[in-house]
Structure formats: structure tokens, C-alpha cells
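In: give me a model of this one.
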Amino acid sequence: MEVLLHQIDAFADAPFSGNPAAVMPLMSWLPDELLQQVAEENNLAETAFYTSALPAEAGSAPDNSPAFHLRWFTPAAEVDLCGHATLASAAQILDDMHPGADRVHFYTRSGWLRVDRDRDDLILDLPVVESVEVPVREQIPAALAHAIGVRPLRAFEGTDVVLVLGSELEVREASPNFAAFPELGRGVVITAPGEGADFVSRFFAPGVGVPEDPVTGSAHAQLAPLWAKTLGRTTLTARQLSRRGGFLRCTLTRGRVRLAGRCRRYLDGVVRLPD
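Out: Below you'll find the predicted structure:
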């Protein structure tokens with residue numbers, strides 16, 4: 001059996017930047033065990049699989065734009081939400097399958113998601129992820145601070161644990177000890193005010209097979225509301241300070257976060273799977 005594979009860098013404002021995702025269109029769903037094996041073999045932060053057949057629980061698509069059933073796998077597990085692989089999937093679909101369309105919908109484990117095309121940008125629409133502030137001396141933030149080797153000024157819990165540091169330099173120079181990480185729901189973000197952007201961040205999720213993610217779209221659904229409240233603005237720029245790096249433009253509106261970025265295709269290939 002042969003399956004197409006497209007490797008696309010999402011939130012990439014330069015070559016060899018952003019977050020690489022494998023995008024693999026399927027005629028129908030393969031066994032979950034095989035999907036996980038493929039994701040492990042790809043060895044990228046995320047592999048996105050999609051089909052054009054929507055499950056019964058999806059109901060009808062929100063509008064007449066192309067709609068697909070989308071799932072995401074890290075090398076270790078299926079996850080509930082992935083922003084960069086959604087953006088990459090939209091780039092492949094809009095370029096290869098629906099070049100005349102400016103929008104695509106995906107039914108996912110997090111419900112319906114939308115990506116719009118605006119000239120060279122793709123805009124991912126996500127629900128806001130709420131955060132609850134916790135004292136920095138509580139057990140989970142303290143253990144994380146020890147594992148990352150930082151002293152956070154503030155700590156928040158939501159989908160991810162967010163540790164707010166004092167400067168971009170602290171975020172950039174943090175050197176995590178992944179063996180010391182406590183168990184987490186998903187991952188941890190360290191963030192601070194930025195120098196060339198409104199805020200900067202790094203994202204770590206060793207528990208799901210992603211020690212450090214290059215650019216994490218879904219984490220910005222939690223980060224953007226926090227920084228919007230701090231800075232008093234609903235339109236923000238963000239840079240993720242991984243080795244590859246990535247740039248996002250964030251806009252908050254009516255309980256949603258819209259993340260704009262660009263995608264760069266790296267390769268197109270064929271994967272040969274056992275029949």
C-alpha cells in the first residue's frame with residue numbers, strides 16, 4: 001500500500017524555520033496501531049492524517065468550504081489538538097486539491113477547526129484556552145521550575161502549565177533536564193515579554209514524545225489571552241525561541257484565537273506500508 005507524505009514547515013517565516021509536520025492524506029482510516037507506527041517512523045513532532053469522509057458525530061460542515069476528518073499523532077501518542085499540523089494540512093489541501101478555495105474546515109477531537117487563506121498567510125481559528133493562576137511555590141510549578149532551571153515570576157495551569165519569566169534572555173537560555181520532568185497533562189510553556197515580538201515562548205512535552213516543539217500553535221491559544229490581558233491589546237506578535245524558531249500573529253475575538261503564519265513545503269514523497 002502506498003500513501004502520500006508531504007512534509008511542510010508551519011509558522012515558517014524563512015527557509016528551514018517553523019515546525020515541520022508530516023501530512024498524509026488517506027482514502028480511509030488505517031488501524032490506529034499502524035498510524036502510530038507511521039508517526040513514530042516519521043519522527044516529527046506531529047504527523048497529521050486526514051480523510052474526506054466525516055464521522056457521523058461530526059454532523060454537517062459549518063459551510064460549503066472543503067471539509068475533512070483530521071487526526072494528529074506525535075511519535076508517542078495521539079493528541080487532542082495540534083495547531084501547526086492543522087495549518088500544514090490546510091496548506092497542502094488548498095495548494096493541491098482546492099486551489100480555488102480560501103477556507104478549509106477540519107473535524108477533530110477538539111471539534112470543528114477552520115483555516116482561512118489570506119494571500120500568503122494562513123489563519124488558524126482556535127478556541128481560547130483558559131488559564132488559572134497558581135502560586136509559584138505549589139508542587140507542580142516548583143517541580144517544573146527545578147526541571148527547567150528557572151525561577152518563574154508567575155505560573156498558570158490550563159491545557160499546559162505556563163511559567164512566566166522575566167526576560168527573553170531567560171527563555172532563550174533555559175536548559176531543561178527532561179529526565180526530571182514531573183507528569184503533566186500535556187506540556188509546559190516558558191514565556192516572557194519579547195524584544196522583537198510582543199512575547200516569546202518555548203514549549204516542552206517530553207511525556208508525549210516531544211522534548212521541545214519548534215513552534216506550537218495550540219499553546220498560543222492559551223498564551224495569547226494571557227499576554228493580551230497583560231499588554232491590554234487583542235492583536236499581538238509572538239516568536240517561539242526554539243532552535244528553528246517561528247513567528248505568529250495572534251488576534252483575539254469573541255472567545256477565539258486566530259493565529260496567522262506561513263507554510264513552506266519541504267518535500268513530497270510516498271510511504272510504502274504493509275498490505
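
In: can we go C-alpha only for contacts and neighbour counts from here?
Out: OK.

In: how about the helices in the stretch 51-200 of the chain?
Out: For the stretch 51-200 of the chain, the helices defined by DSSP state H, counting those that start in this stretch occupy 83-92, 139-148, 168-173.

In: tell me the phi and psi of residue 207?
Out: Reported as degrees, to the nearest 10, the phi and psi values for residue 207 are phi -70, psi -20.

In: mind checking which helix or strand residue 12 is in?
Out: Under DSSP states H and E, no helix or strand contains residue 12.

In: who touches the closest residue to it other than its chain neighbours in this structure?
Out: Nearest residue to residue 12, sequence neighbours excluded (CA to CA, 6 or more residues apart in numbering): residue 18, at 3.9 Å. By CA atoms under 8 Å, 6 or more residues apart in numbering, the contact set of residue 18 is 9, 10, 11, 12, 214, 215, 244, 245, 246, 247.

In: which residues does residue 155 bridge with?
Out: Counting by DSSP bridges, residue 155 is bridged to residue 134, residue 163.

In: what about residue 56, how many neighbours?
Out: 7 (other CA atoms under 10 Å).

In: residue 112 reaches residue 104, doesn't it?
Out: No - at 10.4 Å, residue 112 and residue 104 do not qualify as touching, with contact defined as CA atoms under 8 Å.

In: and the two? Which one has more around it.
Out: Between residue 112 and residue 104, counting by other CA under 10 Å, residue 104 is the more crowded of the two (24 against 19).

In: now do that one, the pLDDT please.
Out: Looking at residue 104, its pLDDT is 98.

In: go ahead and confirm it touches residue 90.
Out: Yes - Residue 104 is within contact range of residue 90, at 6.5 Å (criterion: CA under 8 Å).

In: overlap in contacts of those two?
Out: Taking CA under 8 Å, 6+ apart as the contact rule, residue 104 and residue 90 both touch residue 115.

In: correct me if wrong, but residue 247 is in a strand.
Out: Yes - assessed with DSSP: H, G, I helix; E, B strand; the rest coil, residue 247 lies in a strand.

In: spatially nearest residue to it, not counting backbone neighbours?
Out: Going by CA to CA, 6+ apart, residue 247 has residue 239 as its nearest residue, at 4.6 Å.

In: equivalent analysis for residue 264, please.
Out: Closest to residue 264 by CA to CA, 6+ apart is residue 9, at 5.1 Å.

In: swap in residue 52?
Out: In space, residue 52 comes closest to residue 68 once its chain neighbours are excluded; the distance is 4.7 Å by CA to CA, 6+ apart.

In: got a list of what that neighbour touches?
Out: Counted by CA under 8 Å, 6+ apart, residue 68 has contacts 50, 51, 52, 53, 54, 105, 106, 107.

In: out of the residues you listed, which comes closest to residue 251?
Out: Closest approach to residue 251 among these (CA to CA): residue 105, at 19.1 Å.

In: what's across from that closest one in the sheet?
Out: Counting by DSSP bridges, residue 105 is bridged to residue 67, residue 114.

In: return the helix or strand in this structure with minimum mean pLDDT.
Out: Lowest on mean pLDDT, DSSP states H and E among the helices and strands of the chain sits helix 139-148, with a mean of 84.

In: could you dump the helices of the stretch 51-200 of the chain to TSV with distance to residue 59?
Out: Formatted as TSV, the helices of the stretch 51-200 of the chain follow (distance: least, CA to CA, whole Å):
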stretch	distance to residue 59
helix 83-92	20
helix 139-148	39
helix 168-173	43
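
In: out of these, which one sits most buried?
Out: Greatest average neighbour count among these goes to helix 83-92 (a mean of 28), per mean count of other CA atoms under 10 Å.

In: show me how far it is from its chain's centre.
Out: The chain centre lies 9 Å from the centre of helix 83-92; the measure is CA atoms, centre = their mean, to the nearest Å.

In: please name every helix or strand in contact with that helix.
Out: If contacts are counted by 3 or more CA pairs under 8 Å, 6 or more residues apart in numbering; DSSP states H and E, helix 83-92 sits against strand 2-10, strand 19-25, strand 46-51, strand 121-127, helix 217-231, strand 263-272.

In: out of the ones you listed, nearest to residue 153?
Out: Closest to residue 153 of these, according to CA to CA: helix 217-231, at 13.5 Å.

In: partners of the helix or strand following that closest one in the sheet?
Out: On the C-terminal side of helix 217-231, the nearest following helix or strand under DSSP H and E is strand 235-240. Partners of strand 235-240 in the sheet, by DSSP bridges, are strand 199-205 (parallel), strand 246-253 (antiparallel).
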